[in-house]
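Asks: Pasting the sequence and the predicted model now:
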Amino acid sequence: MWHAMLTNLHTPDDKEADAIPMLTGSVAEFYIEPILPHVGDIDVMFHHSTELAIPRGHPPPTQLPAEFSNYVQVFEIVDSHLPGYVYLELRYLLTECADDVIEYDHGEYLSNIGYDPETYLPNLFIDSHASYIHGPAVFTDHSDTPSMLSVDRVPCVRCLSWPSQAADWSTRHRNYDWPDSATVDRVVNNGCDVVGVAHRQCKHELMGKLQHRLSFSRAEIVLINSWMPVQQIVYHMLRVFMKNELLADSGNNSEACALSNYHVKTLMMWACELKLSSFWTNDLNLIRICVELLHTLSAWLTDARCQHYFISNCNLIDNSLDVEVIAGQLKSTHKALLSTWFINNYVCKCFMLCPESVSSLFSDFGTNRNLHNAISAVVNWRKNTDLNNMWDAFQFGEMSVVFMVSNYSLTIRSCTFWMTEFAKRDVRLLIHFTAVTFLHVAYKTSSIGFTEELLDFSATIAGQFISRRRHSSQCSSELSLSKATKLMKVIANSSRSTMQLIEIELSKAYLYRALRCKDSDSDSICCLTNVYLAVLYYTTRQR
């Protein structure tokens, strides 16, 4: 049994195991832009396209999004004795139906049950490029490249369903309508993830090598982005204060480390749900709000009770945490102390980023008026430099795109993800990514020719997702013809442009591929393909 539990699990063809990324952490949660940098590194969760988790007892899915491969191993989420921590038991192998040749967004799958009982997925993850591993995160240090931020990558297993462990979250009564019903529905429909990390009490046990934790990062991104600006600002302030004063050891592997940013995030989510909107907006005083929330956290620590926001029976403070000292520090925090701390440790750092005409005001904080005038000068300077900051950020984004396309092996699935993410943030970055990726395809074509894989990849870049199939139908004339037809519909509804010309050439390539297929001798396929080619050549005034 133990051998089965520790077996390295692989899909029938690991080449299909694309890593599908998702930006998390500060870069995804914050829409405000504080003067002091609030993004120390880039947090990326990624799941493999060949793995899927489902709640215990749920039937295997018959349809999956296009990001998943033709063969997918399905793991049931099995509760451990610790709420929020689970095991992943291998139960099914999903195989995409071979006759699914037209569908592009969802594939039809059949399931087979043929795995040994109690075959569990281990939480070990090896990465030779990692600087070090902390919890579930694989840290890659880019400090030697000034233009690049370091990256924390967290491997996970995707669960498309909302987990049963958090079933009551969506239905519990909320007095103040946060989150509203539309946001709740969006959160639940996004499902969750499972990350490979054991509870601190189980790290040195054999079963700890198999333990995983439910992750609600997708839900948290949606919820935090629904906050009012003042709530995001308070969250930022609490994180800065806690990190610099009370969480200095949170980045190491010390067992004595008591709190993390996740406790601050949990505090904020409960506050947003349980407090009237007037708490945040009436008599707006950020220091007052922060002090009250710090006192709430102190009470939680004193009672050794910090209820998980999503899992009602999960306590984020256990007996192994030494929290008495921190609880005392938080309880003794008052408005004058916190105001002084932020002036000395935050506002003054902001002045250091300003030109001398502004930073010189830092020399005299003797009166409230002087402080007000100094901060007003910082605000005006920030407004005047916003365009430059945006330009710097955009240039960094452009360099990051070039680095990513040049150094990482993009796939159809990951390319589709990045296009979706860039479209959410700035359409100009999407245009830049498209241009750089087309240049990458051109470079590859010059060395290996315009392969079928590059053809499908180019169609994806053009905005037409072409799912990769491994069945024999992949090379059928019918499938190639259907891809060409889909592109031609887009061409017919778009205006004359460079992208339209690219789409026309891609359509021609698919039509030629249809004629090269072994089953192209069908009269209907052959005639229709030639008619389409004639139309496209006429459209471009070619013979």
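Replies: Cool, got the structure.
Asks: For Thr529, what are phi and psi?
Replies: phi -60, psi -40 (degrees, to the nearest 10).
Asks: list the contacts for it?
Replies: Counting by C-beta atoms under 8 Å, 6 or more residues apart in numbering, Thr529 touches 477, 481, 484, 511, 514-515, 520. (C-beta placed from N, C-alpha, C; glycine too.)
Asks: burial of Pro21, as a residue count?
Replies: Using other C-beta atoms under 10 Å, the number of residues around Pro21 comes to 16.
Asks: ignore the last one, Arg213
Replies: Using other C-beta under 10 Å, Arg213 has 20 neighbouring residues.
Asks: Tell me which helix or strand it sits in.
Replies: strand 212-215 (DSSP states H and E).
Asks: what does that strand contact?
Replies: Contacting residues not belonging to strand 212-215 are listed as 45, 77, 84-88, 121, 123, 136, 154, 156-157, 163, 165-166, 192-197, 199, 311 [C-beta under 8 Å, 6+ apart].
Asks: that older thread, out of the contacts of Thr529, which sit inside helices?
Replies: Per DSSP state H, helices hold the following members of those: 477, 481, 484, 511, 514-515.
Asks: Selecting buried members of those in PyMOL, what would you type?
Replies: Of the ones in helices among the contacts of Thr529, the buried ones go into a single PyMOL selection, burial set by 16 or more other C-beta atoms under 10 Å:
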select buried, resi 477+481+484+511+514+515
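Asks: Output the ones in helices among the contacts of Thr529 in JSON lines; the columns should cover pLDDT and distance to Ala304.
Replies: Formatted as JSON lines, these follow (pLDDT from 0 to 100; distance: C-beta to C-beta, whole Å):
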{"residue": "Ser477", "pLDDT": "80", "distance to Ala304": "68"}
{"residue": "Leu481", "pLDDT": "85", "distance to Ala304": "66"}
{"residue": "Ala484", "pLDDT": "85", "distance to Ala304": "64"}
{"residue": "Leu511", "pLDDT": "88", "distance to Ala304": "69"}
{"residue": "Ala514", "pLDDT": "85", "distance to Ala304": "67"}
{"residue": "Leu515", "pLDDT": "85", "distance to Ala304": "72"}
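Asks: and the closest residue to Ile317 other than its chain neighbours, what does it touch?
Replies: Closest residue to Ile317 apart from its sequence neighbours, by C-beta to C-beta, 6 or more residues apart in numbering: Cys306 at 4.6 Å. Residues near Cys306 by C-beta under 8 Å, 6+ apart: 263, 266-267, 297, 300, 315-317.
Asks: Could you check the pLDDT of Leu410?
Replies: For Leu410, the model assigns a pLDDT of 74.
Asks: can you offset everything so residue one is 52?
Replies: From this message on, residue numbering opens at 52, which makes the last subject Leu461.
Asks: and it, what is it in contact with?
Replies: Contacts of Leu461 (C-beta under 8 Å, 6+ apart): 455, 469, 488, 491, 508.
Asks: ok so, going back, who does the strand holding Arg264 pair with, and is each partner parallel or antiparallel?
Replies: When pairs are called by DSSP bridges, strand 263-266 turns out to pair with strand 136-147 (antiparallel), strand 243-246 (antiparallel).
Asks: so which of the ones you listed gets nearest Leu552?
Replies: Within the strands paired with strand 263-266, the stretch nearest Leu552 is strand 136-147; the backing value is 33.4 Å (C-beta to C-beta).
Asks: so after that closest one, what's the next helix or strand?
Replies: Defined by DSSP H and E, the subsequent element after strand 136-147 is strand 157-163.
Asks: Send me that following strand as CSV with only the CA atoms.
Replies: Output of strand 157-163 as CSV, limited to C-alpha atoms (Å, rounded to 0.1, in the frame of the first residue of the first chain):
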residue,chain,number,x,y,z
HIS,A,157,-14.9,22.1,-24.4
GLY,A,158,-13.9,18.5,-25.2
GLU,A,159,-16.1,15.5,-24.5
TYR,A,160,-14.4,13.0,-22.2
LEU,A,161,-14.9,9.3,-21.2
SER,A,162,-13.6,8.0,-17.9
ASN,A,163,-11.9,4.8,-17.0
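Asks: mean confidence for it?
Replies: 72.
Asks: got the contact list for that strand?
Replies: 111-117, 119, 121, 123, 125, 143-148, 151, 518.
Asks: returning to that earlier point: right, and the pair among the contacts of Thr580 with maximum separation?
Replies: Ala535 and Ser571 (12.8 Å).
Asks: before we move on, the earlier item: in TSV: the strands paired with strand 263-266, plus mean neighbour count.
Replies: Shown next, in TSV, are the strands paired with strand 263-266 (neighbours: other C-beta atoms under 10 Å):
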stretch	mean neighbour count
strand 136-147	21
strand 243-246	24
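Asks: closest one to Lys254 among the ones you listed?
Replies: Distance to Lys254, taken as C-beta to C-beta, is lowest for strand 136-147 among the strands paired with strand 263-266, at 11.4 Å.
Asks: follow-up on the earlier one: quick check: neighbours shared by Ala535 and Ser571?
Replies: Common neighbours of Ala535 and Ser571 (criterion: C-beta under 8 Å, 6+ apart): 565, 580.
Asks: Mind jotting down where the strands sit in this structure?
Replies: Counting by DSSP state E, residue ranges of the strands within the chain are 70-75, 93-99, 102-106, 114-116, 122-130, 136-147, 157-163, 183-185, 188-191, 202-210, 243-246, 263-266.
Asks: can you pull the buried residues of the fifth one?
Replies: Which is strand 122-130. 122-129.
Asks: So which of the strands paired with strand 263-266 is nearest Ile338?
Replies: With C-beta to C-beta as the measure, strand 243-246 is the member of these nearest Ile338 (35.3 Å).
Asks: With distance to Ser408 as new columns, can the contacts of Thr580 be given to me in a markdown table?
Replies: Shown next, in a markdown table, are these (distance: C-beta to C-beta, whole Å):
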| residue | distance to Ser408 |
| --- | --- |
| Ser528 | 71 |
| Leu532 | 67 |
| Ala535 | 62 |
| Leu562 | 65 |
| Ala565 | 68 |
| Leu566 | 70 |
| Ser571 | 73 |
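Asks: Closest one of those residues to Tyr583?
Replies: If you rank those by distance to Tyr583 using C-beta to C-beta, Leu562 comes first, at 5.6 Å.
Asks: And the closest one, how far from Ala486?
Replies: Applying C-beta to C-beta, to the nearest Å, the value for Leu562 to Ala486 is 26 Å.
Asks: quick one, longest helix in this structure?
Replies: Longest helix of the chain, by residue count under DSSP H: helix 419-458.
Asks: could you give me the average pLDDT of it?
Replies: Helix 419-458 shows a mean pLDDT of 78 in the predicted model.
Asks: Please state the offset of that helix from the chain centre?
Replies: How far helix 419-458 lies from its chain's middle: 24 Å, per C-alpha atoms, centre = their mean, to the nearest Å.
Asks: can you check stretch 461-480 too?
Replies: 12 Å.
Asks: Now that stretch: buried residues?
Replies: 461-470, 472-473, 480.
Asks: Kindly report the same for stretch 269-278.
Replies: Neighbour-count burial for stretch 269-278 [16+ other C-beta under 10 Å]: 269-275, 277-278.
Asks: now the residues you listed as JSON lines including pLDDT?
Replies: Listed next are the buried residues of stretch 269-278 as JSON lines, based on pLDDT from 0 to 100:
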{"residue": "Arg269", "pLDDT": "96"}
{"residue": "Ala270", "pLDDT": "97"}
{"residue": "Glu271", "pLDDT": "97"}
{"residue": "Ile272", "pLDDT": "96"}
{"residue": "Val273", "pLDDT": "96"}
{"residue": "Leu274", "pLDDT": "98"}
{"residue": "Ile275", "pLDDT": "97"}
{"residue": "Ser277", "pLDDT": "96"}
{"residue": "Trp278", "pLDDT": "97"}
